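Novice: with the sequence up front, the predicted model follows.
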Amino acid sequence: MRAVEFQEYGGPEVLKVVEAEVPEPGPGQVSIDVAYTGVNFADLKARGEGYRVPHLPFVPGLEASGRIRALGEGVEGLAVGQEVTALTEGGAYADVTLANAETVFPIPTGVDLRTAATLPTVLPTAYALVHSVGRLQPGETVLVQGAAGGVGTVVGQLAKAAGAGAVYGVVSGEAKAAYAREYGYDEVFVGEFGEAAVRAATDGRGVDLALDPVGGETFRASLASLAPFGRLVSFGNASSAPAWSVGQPELYPSGVSVAGFSILTLAKTAPGALRALAGRAFAKAVDGTVSLPVTAEFGLEEAAEAHRLMGTRTSTGKLLLRVGG
């Protein structure tokens, strides 16, 4: 079978198409004939700096849609040939991938394989940020860093559907700002971000909920943008900045709080909670509350081009690799 792997860390050019052995599922696993796989920023961090890479060579890819090829020992409730979407621990840039059965989900009725590949990481993450962790209430205001990305696209729609009073986004360019406004954002800040813009937009009050996948100085600016009793949720560290710390000086004066979320970690520590979360999130796509446009599609052998596009910070929505679809 074909697989895209890297044998060293570096730019998109280190991604190579190779012939590999078809993996066989172990106990509690399934193998999937991949139709489509999603491209995520975590894949770029894996290739560039070893994020969540246990060893080299490594095949990236954290989500896929396709049909079950084989079942490992002890797997129940799934069937060979069934159309599924799955969250993986890597390996989805391939004709066949493995996934733990607990993170394999039957494709909802009415959803095709292409759309299904956009579901496993982005929708549950966005739903958790708005509801499970962010606990957004009607009338509250939201600030989202990376508003035009996959998660940002869904968060804007979910926040509006939940009755947010105003949804503010932060993007890197004007084209992204125009895109974000189509998906629930009332106002979009372009370029280098600081709390002053949020304070001006909210008559000095700040926002009730801030969502940050960037870390570093952006995390600090988001924290400073909170209204009294506001919440900040960190869900990534795209900046690769040193780990942040927050203490009494930041939290006490306005009663703010900080939380975190990682769908990959949740899959390991609480797969049952992930399944429940995914069910609620997928329902929002089925009922039309949210949509996640595929804005670019590449063949498996074009994975490096997909990484180059995402690395330019000009892409919006969701990028996919077409494998067997």
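Specialist: Thanks, I have it. Numbering: from 1, shown residues only.
Novice: which parts of the stretch 51-200 of the chain are helices?
Specialist: With DSSP state H, counting those that start in this stretch as the criterion, the stretch 51-200 of the chain has helices at 113-116, 122-127, 150-161, 174-181, 195-201.
Novice: now Leu321. Its backbone dihedrals?
Specialist: With angles defined as degrees, to the nearest 10, Leu321 sits at phi -110, psi 130.
Novice: correct me if wrong: it contacts Ala304.
Specialist: No: with contact defined as CB atoms under 8 Å, Leu321 does not reach Ala304; the gap is 10.8 Å. Heads up, the C-betas are built off the backbone N, CA and C, glycines and all.
Novice: about what we covered before: mind putting the helices of the stretch 51-200 of the chain into a markdown table with distance to Ser291 and mean neighbour count?
Specialist: Formatted as a markdown table, these follow (distance: least, CB to CB, whole Å; neighbours: other CB atoms under 10 Å):
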| stretch | distance to Ser291 | mean neighbour count |
| --- | --- | --- |
| helix 113-116 | 9 | 20 |
| helix 122-127 | 11 | 26 |
| helix 150-161 | 7 | 26 |
| helix 174-181 | 13 | 18 |
| helix 195-201 | 26 | 17 |
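Novice: now these in JSON lines, with distance to Leu44 and mean pLDDT?
Specialist: What follows is those, written out as JSON lines (distance: least, CB to CB, whole Å; pLDDT from 0 to 100):
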{"stretch": "helix 113-116", "distance to Leu44": "22", "mean pLDDT": "96"}
{"stretch": "helix 122-127", "distance to Leu44": "15", "mean pLDDT": "97"}
{"stretch": "helix 150-161", "distance to Leu44": "13", "mean pLDDT": "97"}
{"stretch": "helix 174-181", "distance to Leu44": "17", "mean pLDDT": "95"}
{"stretch": "helix 195-201", "distance to Leu44": "27", "mean pLDDT": "92"}
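Novice: just give me the longest helix of this protein.
Specialist: helix 271-286 (DSSP state H).
Novice: ok now that helix, how far from the chain's centre?
Specialist: Relative to its chain's centre, helix 271-286 lies at 14 Å (CA atoms, centre = their mean, to the nearest Å).
Novice: also stretch 213-221?
Specialist: For stretch 213-221, the distance to the chain centre is 17 Å (CA atoms, centre = their mean).
Novice: buried residues, that stretch. List them.
Specialist: Residues of stretch 213-221 classed as buried by neighbour count (16 or more other CB atoms under 10 Å): Pro213, Val214, Gly215, Thr218, Phe219, Arg220, Ala221.
Novice: tell me which helix or strand the last one sits in.
Specialist: Element membership of Ala221, judged by DSSP states H and E, is helix 216-224.
Novice: now the second one
Specialist: Element membership for Val214, per DSSP H and E: none, as it lies in no helix or strand.
Novice: neighbour count winner among Leu321 and Ala304?
Specialist: More crowded of Leu321 and Ala304, by other CB atoms under 10 Å: Leu321, with 27 against 19.
Novice: in TSV, list the buried residues of stretch 213-221 along with pLDDT and distance to Val133.
Specialist: Formatted as TSV, those follow (pLDDT from 0 to 100; distance: CB to CB, whole Å):
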residue	pLDDT	distance to Val133
Pro213	95	13
Val214	91	17
Gly215	91	17
Thr218	92	18
Phe219	93	15
Arg220	94	20
Ala221	94	20
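Novice: pull up the pairing partners for the longest strand seen in the chain, direction included.
Specialist: Longest strand of the chain, by residue count under DSSP state E: strand 29-39. Here strand 29-39 has these sheet partners by DSSP bridges: strand 63-71 (antiparallel), strand 96-100 (antiparallel), strand 318-322 (antiparallel).
Novice: rewinding a little: Serialize the helices of the stretch 51-200 of the chain to JSON lines and add fields for distance to Ala46.
Specialist: Supplementary listing: the helices of the stretch 51-200 of the chain in JSON lines, determined by distance: least, CB to CB, whole Å:
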{"stretch": "helix 113-116", "distance to Ala46": "23"}
{"stretch": "helix 122-127", "distance to Ala46": "17"}
{"stretch": "helix 150-161", "distance to Ala46": "17"}
{"stretch": "helix 174-181", "distance to Ala46": "24"}
{"stretch": "helix 195-201", "distance to Ala46": "32"}
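Novice: of these, which is nearest Thr269?
Specialist: Ranking these by their distance to Thr269 (criterion: CB to CB) puts helix 122-127 first, at 14.3 Å.
Novice: what's the closest one packed up against?
Specialist: helix 150-161, helix 271-286 (3 or more CB pairs under 8 Å, 6 or more residues apart in numbering; DSSP states H and E).
Novice: quick one: which of those is nearest Gly26?
Specialist: Gly26 sits nearest to helix 271-286 of all the helices and strands packed on helix 122-127, at 16.1 Å, using CB to CB.
Novice: returning to that earlier point: ok, and for the longest helix of the chain, which residues are buried?
Specialist: Buried residues in helix 271-286, counted by 16+ other CB under 10 Å: Leu274, Leu277, Ala278, Ala281, Phe282, Lys284, Ala285.
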